[in-house]
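build the 3D model from these lines:
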Amino acid sequence: MTELVSYIPMIKFFARFLGTDAEVILYDTKKEMVVLIENPYNSEIGVGSTIPDLEKKFLKQELYKEEESIVNYRAFSSDRKKLRSATHFIKNENSELIGMLTINYKVDELIELRSLLNRIISGSEPIQYKGENFYESFNLSFEDLMNNTIQEALTNFKVPPERLSHDEKMELIQMLDEKGTFLLKGSIAELAKILHTSETSIYRYISKL
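Residues are numbered from 1 along each chain as shown. Next up is the predicted model:
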């Protein structure tokens, strides 16, 4: 904790500047607990709470050895609000991981605004395209919906998923991001499996959007 004290004023500054829609959390990775939280979304999470599952996954996969930060990944708050998130890995002078700084930003209203702009630009009448794959989603599980969305996006490319070029992967990931695919739990792992790559690589592509 002593090593993380110097970060507290900066974190409080970030929280004040970004406003109440931004939750800013400092974790002690050695104790795997929250040491500071500003603008909390959940009143049950506070100093001393354990690190959430997603951040634990970052630790387990040792992403901090490959990346300084993971940015622009998608998550849900405890009340199911859609979030755009980023995590920075804090290291000491010996390059040892001592903490993580996570910023979660609510984007529901921005998504609604984007949807409104799309309706204004494209109109609200449905357009039928030959060869388009339509499916009723009400009876699909999240996993089915995720897989269908990924497979449908892949039909835009003429090569097997594992042979996509860097630019094609970027195009695919942008398409999936615009559909909200990465808000679904397990989507990163599923896409990584389909593309025969690592989850770290998928996070890296998303951070470039």
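
the longest helix in this structure is where?
helix 108-122 (DSSP state H).

what's that helix in contact with?
Lys81, Lys82, Gly180 (CB atoms under 8 Å, 6 or more residues apart in numbering). Bear in mind the C-beta positions are built from the backbone N, C-alpha and C, glycine included.

now the last one: phi and psi?
Okay, so that is Gly180. Here is the backbone geometry of Gly180 (degrees, to the nearest 10): phi 80, psi 20.

can you check the second one too?
Comment: the main-chain dihedrals of Lys82 come out as phi -80, psi 140, following degrees, to the nearest 10.

distance of Ile202 from Pro40?
Taking CB to CB, to the nearest Å as the measure, Ile202 falls 28 Å from Pro40.

so those two - more neighbours on which side?
For Ile202 versus Pro40, the count of surrounding residues by other CB atoms under 10 Å is larger for Ile202: 22 against 17.

assign Tyr73 to helix, strand or coil.
Counting by DSSP: H, G, I helix; E, B strand; the rest coil, the backbone at Tyr73 sits in strand.

contact partners for it?
Contacts were defined as CB under 8 Å, 6+ apart; by that measure Tyr73 touches Arg84, Ser85, Ala86, Thr87, Phe182, Ile188, Tyr203, Ile206, Ser207.

tell me which element the fourth one is part of?
For Thr87, the enclosing helix or strand under DSSP states H and E is strand 82-91.

the helix or strand that that strand is followed by - what's its average pLDDT?
Following strand 82-91 in sequence order, the next helix or strand is strand 97-106 (DSSP H and E). Averaging pLDDT along strand 97-106 gives 93.

what's across from the spatially most central residue of the chain in the sheet?
The centre of the chain sits closest to Tyr73, judged by CA atoms, centre = their mean, with a distance of 1.8 Å. On the basis of DSSP bridges, Tyr73 is bridged to Ser85.

returning to what we had before: of the contacts of Tyr73, just the buried ones, PyMOL syntax please.
This is the PyMOL syntax for the buried subset of the contacts of Tyr73, where burial follows 16 or more other CB atoms under 10 Å:
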select buried, resi 84+85+87+182+188+203+206
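
closest to Leu164 among the contacts of Tyr73?
Ile206 (15.3 Å; CB to CB).

could I get the contacting residues of that closest one?
Applying CB under 8 Å, 6+ apart, one finds that Ile206 lies in contact with Asn72, Tyr73, Ile173, Asp177, Phe182.

now for those residues: which two are most distant?
Farthest-apart pair in those is Tyr73 and Ile173; separation 11.8 Å (CB to CB).

show me how far the helix or strand bottoming out on mean pLDDT in the chain is from its chain's centre.
Sorting the helices and strands of the chain by mean pLDDT, DSSP states H and E puts helix 108-122 at the bottom, at a mean of 71. Distance of helix 108-122 from the chain centroid (CA atoms, centre = their mean, to the nearest Å) equals 20 Å.
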